[in-house]
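K.L.:
curious how this folds, go ahead:
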Amino acid sequence: MKPNTPRTVLHENVSYSVVRLYSSGIGNQYACTWKDGNGKLQTLLLTEELVDRHSEHVPLYRACAKRFDDHLTFAKYLGSSSFPNAKLPPDGITKKE
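P.N.:
Predicted coordinates for the structure are as follows:
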């Protein structure tokens, strides 16, 4: 598995530090870390299997998926005023001519 950089997800007034994990064939998994009422760090590994068994975690899983939706980030970049001036897509693969 290759971890991604952590991103913050705010869900039901709790701030989660979320890392998306990749694993071929398993799908997206999210490691959600937060401080409980006693100040101790807690971590919940959200997988599709866990969400299927425990439906109370579906909203958090969806919030994590939305936060890591890089297609949405790409679309926002395309809509920004800086894109036409840069003449480079945000993937960094294409070179200026």
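
K.L.:
partner strands of the longest strand seen in the chain, with direction?
P.N.:
In the chain, taking DSSP state E as the definition, the longest strand is strand 14-22. If you go by DSSP bridges, strand 14-22 pairs up with strand 2-3 (antiparallel), strand 7-11 (antiparallel), strand 29-35 (antiparallel).

K.L.:
pick the most deeply packed of those strands.
P.N.:
Mean neighbour count (mean count of other C-beta atoms under 10 Å) peaks for strand 29-35 among the strands paired with strand 14-22, with a mean of 18. C-beta: built from backbone N, CA, C; applies to glycine.

K.L.:
ok, residues contacting the helix or strand just after that strand?
P.N.:
Scanning forward in sequence from strand 29-35 by DSSP states H and E, the next helix or strand is strand 41-46. Strand 41-46 is contacted by residues 29, 30, 31, 32, 33, 34, 35, 36, 57, 60, 61, 64 when judged by C-beta atoms under 8 Å, 6 or more residues apart in numbering.

K.L.:
which positions in the next helix-or-strand element following strand 41-46 come out as buried?
P.N.:
Sequence-wise, the next helix or strand downstream of strand 41-46 (DSSP H and E) is helix 48-53. Residues residue 51 are the ones in helix 48-53 that count as buried (16 or more other C-beta atoms under 10 Å).

K.L.:
lovely, talk soon.
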